[in-house]
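Colleague: Give me a 3D structure for the following:
(2 chains)
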Amino acid sequence: MKNISPLNNIHQIGKYGDFQNVKDHQIIKIKEIKNIFIYQLVKFKNSSKKNSDLSIQSLSFPNILEVNAKNDLRILWMGPNNWLIFSSKNIYEELNKNFSMNEFAVTDISHSRSIIELEGLNVKEVLKKGSPFDIESLKQNNCTNTIYNGITITVDCVDQDLNKIRIISLRSFGESLYHSIADGCLEYGYEGT
Amino acid sequence: MLYIKCPYCGIRAQTEFAYGGDATVKRPELNKEITDKEWDEFVYLRKSLRGKHLEFWHHISGCRQWFKVQRDTTTHEIFKTLKPHEEL
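Modeller: Presented below is the predicted three-dimensional model:
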């Protein structure tokens, strides 16, 4: 079966907004991250494991509001004893083997999220338009759950130098969120890649 | 806008939270015989206090955790936030 990406009908390649009045390197790049595996890992209250002892592919689990990343694996802190794992490979079996079902819940939620990646000088300004979170406090490999124009999102700062930020939302809110983000980008000019 | 300090994530805007009711109400003990009146009071009756009030809030667009907030219902000043198992 072929996977249809959440933003398949809306994300378009090309330049939009006020791109003619800005230099090329200042245009915000919008990209959809697709064909990625997403797993939710929840530790049960009765688990005897310490969070500091947890790891997958020798990558330890992050602390509050942080991300631990290695190659094509990213682990995001979602809440106490709750993480999201992003991987370009299917690691469901590996997770089930490493995390006993008596102490952890591993759920494949790859098809239930949409991911928009923004890159450019004014990315934080775009986020400030719709989110009450103090975006300037977001450093590299920080993440947080917050809202954008009423939509619950997860913000993942992938690269601080490049101003590269991923915005993750429920799949059903993906198109609506994309509209909001694209609207926010218009004044800076954006390029769908 | 009201700013609430989530015990897990730090200070966030009120729009990320949902109000969860009075945190001083105690559920009757399990298997204890109680009258209909006591049950009715537990389920329905709430005080409408003016001043300091302990209430539950849910960080619904954040870490999804419940916690307690001590808030002045007149001025909206927030004095303290606690994890659910913590007492004032």
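
Colleague: make it CA atoms for all contacts and neighbour counts henceforth
Modeller: Noted.

Colleague: Return the alpha-carbon coordinates of the top strand by length along chain A using PDB.
Modeller: If you go by DSSP state E, chain A has its longest strand at strand A:151-159. Presented in PDB, the C-alpha positions along strand A:151-159 are these (Å, rounded to 0.1, in the frame of the first residue of the first chain):
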ATOM      1  CA  ILE A 151      -3.500  24.000  17.300                       C
ATOM      2  CA  THR A 152      -1.400  21.900  19.600                       C
ATOM      3  CA  ILE A 153       2.100  21.500  18.200                       C
ATOM      4  CA  THR A 154       5.500  20.100  19.100                       C
ATOM      5  CA  VAL A 155       8.400  22.400  18.300                       C
ATOM      6  CA  ASP A 156      11.800  20.700  17.700                       C
ATOM      7  CA  CYS A 157      14.800  22.900  17.200                       C
ATOM      8  CA  VAL A 158      16.900  20.900  14.800                       C
ATOM      9  CA  ASP A 159      19.700  23.400  14.100                       C
END
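
Colleague: What residues sit buried inside that strand?
Modeller: Buried residues in strand A:151-159, counted by 16 or more other CA atoms under 10 Å in any protein chain shown: A:Ile151, A:Thr152, A:Ile153, A:Thr154, A:Val155, A:Asp156, A:Cys157, A:Val158.

Colleague: what's next to that strand, contact-wise?
Modeller: Strand A:151-159 has contacts (CA atoms under 8 Å, 6 or more residues apart in numbering or on different chains) with A:67, A:76, A:138-147, A:163-170, A:173, A:177, B:61.

Colleague: so how far is A:Phe37 from B:Thr24?
Modeller: Relative to A:Phe37, B:Thr24 is positioned 43 Å away (CA to CA, to the nearest Å).
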